[in-house]
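fold the stuff below for me.
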Amino acid sequence: MRFTIFGGAPMKHGIRALCLVASIGCASAQSTISSKAPLASVFDEYSAAAGQGNLSAASELFEKSRDCLLVHRIDSTTTWLQSLSTAQRDSILEGTRLDKSRASKRRAEASRAMCRGSESKVTTSTIYDIALTAARLGDVSASACFMASLWPVSNSDVDRTKAAQYKSSAEYLATHMIEKGDWNFVQAMIIASAPGLRAGYAAYIQSDDAAAQLRYSKLLRLGVEPNSEDAKNLDRSISILSDRLQPEEIGKADEWAHGMFARYYISQPRPTVLSACDA
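As a prediction, this is how the structure comes out:
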């Protein structure tokens, strides 16, 4: 296998080499952004590495940027909650999944030092470029997050040129990443094809498609535990979707789901937590 090394010397902060493997990326390259090193100080360096085809750098940058967005969001939410009365705050927190909230806070605290000063580099707008760069190099987790489009961007902040690129890239990812056998990506595609009003970049990346949503829902149903709550919820969704479609479309969805499961998912562990993107 042929490796192309850029510059010959290792980069700082843990990238041992920049390389392209078969023009796809460098899955085996080692890159580590220390949790103690500010992301802002290495952001441009890792962006350059990712842009030159280094999958390891692109994935690392995406994961750390995603964690920093979580830190920013929790800090912003905490400030907002503190401005409310005790009764208002308790009412809001009462409807929150405390287990997930606590896990997010622990993750944010672990990343806080690394994320300090990254606010201008990592935003709900720039994360789409960061995720797509990693996705194009083969990162399935970044692909799922890109398709789920959970990061809010106002319509006024949308860059139309980028939006057109995202739309084209979404079509490619939807076709090719589903073959990776990743349950998170299946869940992301259920979100991406679901009906609803969309804003920001999600309006370009996603589109209502009941037939597609049925295909992905049937595939996910084959993966979850048969008698679980997830299975029951999926059965309800599949029933609702089926009522909106013609018998021929339902048959095609069922055939597609079983074929995809047999080829790419049958050997994968069952999904235990239904989450398209840990954003």
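
does anything pack onto the helix or strand encompassing R236? Which helices or strands?
Take DSSP states H and E as the rule and R236 turns out to sit in helix 229-243. For helix 229-243, the contact count by 3 or more Cβ pairs under 8 Å, 6 or more residues apart in numbering; DSSP states H and E identifies helix 210-223 as packing neighbours. Every C-beta, even on glycine, is put in place using the N, C-alpha and C of the backbone.

other SSEs contacting the helix it packs on?
Helix 210-223 sits against helix 183-192, helix 229-243, helix 247-260, with contacts defined as 3+ Cβ pairs under 8 Å, 6+ apart.

need the nearest residue in space to L39, chain neighbours excluded.
Counting by Cβ to Cβ, 6 or more residues apart in numbering, L39 lies nearest to S118, which is 4.6 Å off, once chain neighbours are set aside.

dump the helices and strands packed on helix 210-223 to TSV, plus mean neighbour count.
Below are the helices and strands packed on helix 210-223 laid out as TSV (neighbours: other Cβ atoms under 10 Å):
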stretch	mean neighbour count
helix 183-192	25
helix 229-243	15
helix 247-260	15
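
let's have those in a markdown table, adding distance to T124 and mean pLDDT.
Formatted as a markdown table, the helices and strands packed on helix 210-223 follow (distance: least, Cβ to Cβ, whole Å; pLDDT from 0 to 100):
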| stretch | distance to T124 | mean pLDDT |
| --- | --- | --- |
| helix 183-192 | 17 | 98 |
| helix 229-243 | 28 | 97 |
| helix 247-260 | 32 | 98 |
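
distance to L274 for these - can I get that in a markdown table?
Shown next, in a markdown table, are those (distance: least, Cβ to Cβ, whole Å):
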| stretch | distance to L274 |
| --- | --- |
| helix 183-192 | 6 |
| helix 229-243 | 6 |
| helix 247-260 | 16 |
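
quick one, helices of the stretch 51-200 of the chain?
Using DSSP state H, counting those that start in this stretch, the helices of the stretch 51-200 of the chain run over 55-82, 86-94, 98-115, 126-136, 140-148, 160-176, 183-192.

wait, Y264 sits on E179?
Yes: using Cβ atoms under 8 Å, Y264 makes contact with E179 at a distance of 5.4 Å.

looking at the two, which one has more neighbours?
The neighbour count for Y264 versus E179, taken as other Cβ atoms under 10 Å, is higher for Y264 (15 against 12).

can you get me a residue count around the residue nearest to L39?
22.

now do the contacts for it.
38-40, 43, 65, 68 (Cβ atoms under 8 Å, 6 or more residues apart in numbering).

now swap in S275 and tell me
Contacts of S275 (Cβ under 8 Å, 6+ apart): 184, 187.

same question, I250
By Cβ under 8 Å, 6+ apart, the residues touching I250 are 214, 242.

any figure for the gap between it and S154?
According to Cβ to Cβ, to the nearest Å, I250 stands 38 Å off from S154.

do Q246 as well
Counting by Cβ to Cβ, the gap from Q246 to S154 is 38 Å.

equivalent analysis for A113, please.
Plainly put, A113 is 30 Å away from S154 if you go by Cβ to Cβ.

who has more neighbours out of those two?
Using other Cβ under 10 Å as the criterion, A113 and S154 rank with A113 on top: 14 against 10.

how close does that one get to A40?
Separation of A113 from A40 (Cβ to Cβ) stands at 12 Å.

also H176?
Where A40 is concerned, H176 sits at a distance of 33 Å (Cβ to Cβ).

same deal with S228?
Going from S228 to A40 by Cβ to Cβ gives 42 Å.

the more surrounded of these two?
A40 (17 against 13).

count of residues packed around A276?
As a burial measure, A276 scores 21 neighbours (other Cβ under 10 Å).

tell me the SS of it?
Classification of A276 by DSSP: H, G, I helix; E, B strand; the rest coil places it in coil.

wait, it touches S193, no?
No: between A276 and S193 no contact is recorded; they are 11.9 Å apart, counting by Cβ under 8 Å.

quick one: contacts for the one residue sitting closest to the centre of the chain?
The chain has C145 as the residue nearest its centroid, 1.3 Å off, counting by Cα atoms, centre = their mean. Listed by Cβ under 8 Å, 6+ apart, the contact set of C145 reads 62, 66, 131, 188, 276-277, 279.

report the lowest-confidence entry in those.
Among the contacts of C145, A279 carries the weakest pLDDT, at 72.
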